[in-house]
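> Dropping the sequence and predicted coords here.
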Number of protein chains: 2
Amino acid sequence: MMIVTDAMIRDHVRLPAIVGAIERAFGALENGASAIFDVARGTGTDPSHFFAVKSGRDGSIPAIGLKAGSYNPANLQRGKPAHTSTTMLIGDEDGEPYAIVEANYLNGMRTAAADALAVRTLSRPDATTLSVVGWGAQAVFEVEAVAAERPIRRVLACGRDAARGAAFRCAVAERCGLQVECVNIETAVRAADILVTVTASRSPLFPADWVRPGTHVSAMGADDVGKQELPVELVGSARLFVDHPPQARLIGETQHAWTAGLVSAKALAKHTLGALLLGRVAGRTSDDEITVFDSSGIAIQDIAAAQAAVEIVRSLR
Amino acid sequence: MMIVTDAMIRDHVRLPAIVGAIERAFGALENGASAIFDVARGTGTDPSHFFAVKSGRDGSIPAIGLKAGSYNPANLQRGKPAHTSTTMLIGDEDGEPYAIVEANYLNGMRTAAADALAVRTLSRPDATTLSVVGWGAQAVFEVEAVAAERPIRRVLACGRDAARGAAFRCAVAERCGLQVECVNIETAVRAADILVTVTASRSPLFPADWVRPGTHVSAMGADDVGKQELPVELVGSARLFVDHPPQARLIGETQHAWTAGLVSAKALAKHTLGALLLGRVAGRTSDDEITVFDSSGIAIQDIAAAQAAVEIVRSLR
């Protein structure tokens, strides 16, 4: 059994490798070679400590895998991160676990990798202004991912906690060589060519009419029942793509527009990131269109990213 | 992260320690301190390779945990065991994984430990004849568990594959110091004071009237939709106990009697192994009664057994 630690991943795994792995994984999912199993959920003794197991089979490797993920806000008072993620990889043939991968850092890359692929296929090629709503740890990965796909010159950002904003500015400068302008949310949304929302919000962050024609929006935050970042009118009227339709309409940003009857089952089934990457469906159809990518985060991302990390770490020996 | 291997468990972990841990776990479950999360299921690329993740929280430790289990009959042709099980233990407070426990051998002990507790609370104290239907790897653990609880002098056994029967006889002689008599199934069932069924059967193994008054039956095999070892009349008329009512009626032996309307929801909810162990419900009420224990196998057994193994291995250092 191979153990891959966060430190190994931080030192040796770079985003482009993960983007490549995630692209292959979404292709295999679209081709029916993969499967996503039901999510198991529960809590710790403290009911605000949420626990979930996402599992599936990634046909692009192929391997079975599971990610055990925990979110306990009380950890922050203990000087520990609120989120923990650990992925187990299991042989598709023999059922034998062959790697345990600490996925606290990797999780940021696997999420941002899906965003990179959405931006590559949906945003205007000349997009230069990136706005980010929410500046937690994940936001830095998002800037890195988007800036690798488009000629980003301006990064606007807003968030609630000024201290985290300062940390975000430093991290983006260091990791991406970009200066972040801290602005209010209206300025951020109105100026965006590419808008990334990456919060734990449970209600729309802004009105639909702040979003300019031609903007691409990546809604990265919603991954549970009740979470919401965008107004339903925006999701219902935009050209919408999702990672995995059954999960998107249950726990993704799409859940609200779906419940409101603004998204058809037929369109949802066709408008997947996998179909986009395989060229089976058109992405952006005009410069004025607003496109939305709803990322709820799926097990095959965890499996593909963990496998990529395993291969990179193995190659160092 | 601590790694506990099958070899460490084989060398250092003995059944009584696991029985104690499983007893505490069933008590905590009954007291509402534990939780069992939904089971996630899927397959490998080969659809006959079944995969499942059982997870939950064991309030007796407390810890969160998951067992990834795989069953691929094609492994046997590769000279590998068909079953693989691996348990991950995660802090109830901080959500951090702290141990990976190979549970191929441990799984046998955790299953037999529930049987030991059922035999302790349900079988006649003077039971001397144990009959075992099915003689795969699990059957040896069952003999060891039952013989530790009751003054077993005779062990009768039957199974389909003569070669496995020979291996079973040797293992029981070596591990339990008991001679196994290989007999036909009718002889085995009719002679039993304690009858253990431990097969992958999908239909009743024998008619109900072969079972003598006063027999205790432990049905260890059924753990999936469609699996069945006992006739519904036996389950419906016996004094029935289960490990976990919601799971027993879905995937345990109880599923068939439940569907046939022979088991009431009220009785099922009260008749748990945990309630028996806490003395909240009477076990056997007469020497002539037939008792049945339906073991579907639950996540808290995996967590409690893995934690016991972790503590034993840690104490060796």
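Ah, there it is.

> Could the C-alpha coordinates of the one helix or strand residue A:66 maps to be exported in PDB?
In this structure, residue A:66 sits in strand A:63-71 according to DSSP states H and E. Coordinates of the C-alpha atoms in strand A:63-71 are reproduced here as PDB (Å, rounded to 0.1, in the frame of the first residue of the first chain):
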ATOM      1  CA  ALA A  63      -9.600   2.100 -10.700                       C
ATOM      2  CA  ILE A  64     -12.200   2.100  -8.000                       C
ATOM      3  CA  GLY A  65     -11.800   4.800  -5.400                       C
ATOM      4  CA  LEU A  66     -13.400   6.600  -2.500                       C
ATOM      5  CA  LYS A  67     -12.800   9.900  -0.900                       C
ATOM      6  CA  ALA A  68     -13.600  10.300   2.800                       C
ATOM      7  CA  GLY A  69     -14.300  13.900   3.500                       C
ATOM      8  CA  SER A  70     -14.900  15.700   6.700                       C
ATOM      9  CA  TYR A  71     -16.000  19.300   7.500                       C
END
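
> That strand vs strand B:63-71, what angle?
Following axes from the mean of the first three to the mean of the last three Cα atoms, to 10 degrees, one obtains 170 degrees for the angle between strand A:63-71 and strand B:63-71.

> got the contact list for residue A:42?
Applying Cβ atoms under 8 Å, 6 or more residues apart in numbering or on different chains to residue A:42 gives the contacts A:51, A:52, B:35, B:37, B:55, B:56, B:57, B:64. Glycine gets a C-beta too; all of them are placed from N, C-alpha and C.

> Okay, helices next: where are they in the stretch 51-200 of chain A?
Ranges of helices in the stretch 51-200 of chain A, per DSSP state H, counting those that start in this stretch, are A:104-122, A:137-147, A:162-176, A:185-191.

> With chain B as the reference, name the closest of these.
With Cβ to the nearest Cβ as the measure, helix A:104-122 is the member of those nearest chain B (9.7 Å).

> hmm, back to that, the strand holding residue A:66 packs against which elements?
With contacts defined as 3 or more Cβ pairs under 8 Å, 6 or more residues apart in numbering or on different chains; DSSP states H and E, the packing partners of strand A:63-71 are strand A:50-58, strand A:83-91, helix A:299-315, strand B:50-58, strand B:63-71, strand B:83-91.

> Mind listing the strands the second one pairs with, and their directions?
Applying DSSP bridges, strand A:83-91 is found paired with strand A:63-71 (antiparallel), strand A:97-102 (antiparallel).

> Export that strand to CSV, keeping only CA atoms.
Taking Å, rounded to 0.1, in the frame of the first residue of the first chain, the C-alpha atoms of strand A:83-91 are listed here in CSV:
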residue,chain,number,x,y,z
HIS,A,83,-11.8,20.2,5.9
THR,A,84,-10.0,16.9,5.7
SER,A,85,-10.0,14.7,2.6
THR,A,86,-8.4,11.3,2.1
THR,A,87,-8.7,9.1,-1.0
MET,A,88,-8.3,5.4,-1.2
LEU,A,89,-7.5,3.8,-4.6
ILE,A,90,-8.6,0.2,-5.2
GLY,A,91,-7.8,-2.1,-8.1
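
> Name the residues that touch it?
Residues outside strand A:83-91 that contact it (Cβ under 8 Å, 6+ apart): A:63-71, A:96-104, A:106-107, A:302-303, A:305-307, A:310, B:51, B:68, B:70, B:86, B:88, B:90, B:94-97, B:100.

> can you rerun that using 7 Å?
The contact list for strand A:83-91 (Cβ atoms under 7 Å, 6 or more residues apart in numbering or on different chains) reads A:63-71, A:96-104, A:107, A:302-303, A:306-307, A:310, B:68, B:70, B:88, B:95-97.

> can you check stretch A:140-152 too?
By Cβ under 7 Å, 6+ apart, the residues outside stretch A:140-152 that reach it are A:15-16, A:108-109, A:111-113, A:115-116, A:119-120, A:123, A:127-128, A:130, A:132, A:155, A:168, A:171-172, A:175-176, A:178, A:194, A:196, A:198, A:220.

> contacting residues around the one residue in the stretch 151-300 of chain A that gets nearest to chain B?
Per Cβ to the nearest Cβ, the residue of the stretch 151-300 of chain A with the smallest distance to chain B is residue A:299, at 9.3 Å. By Cβ under 7 Å, 6+ apart, the residues touching residue A:299 are A:36, A:37, A:54, A:55, A:56, A:65, A:67.

> rerun at 10 Å
A:25, A:29, A:34-37, A:39, A:53-58, A:64-67, A:87, A:244, A:247, B:40, B:42 (Cβ atoms under 10 Å, 6 or more residues apart in numbering or on different chains).

> ok, back up a step: any chance of the strands paired with strand A:83-91 in a markdown table, plus mean neighbour count?
Listed next are these as a markdown table, based on neighbours: other Cβ atoms under 10 Å in any protein chain shown:
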| stretch | mean neighbour count |
| --- | --- |
| strand A:63-71 | 26 |
| strand A:97-102 | 22 |
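
> how about CSV for those strands, with mean pLDDT and distance to residue B:184 added?
What follows is the strands paired with strand A:83-91, written out as CSV (pLDDT from 0 to 100; distance: least, Cβ to Cβ, whole Å):
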stretch, mean pLDDT, distance to residue B:184
strand A:63-71, 97, 41
strand A:97-102, 98, 40
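
> Mind checking those for the one nearest to residue A:210?
Distances from residue A:210 to each of the strands paired with strand A:83-91 were compared by Cβ to Cβ, and the smallest falls on strand A:63-71, at 29.5 Å.

> ok so, going back, tell me the angle of the strand holding residue A:66 relative to helix A:299-315?
Going by the same axes, to 10 degrees, strand A:63-71 makes 110 degrees with helix A:299-315.
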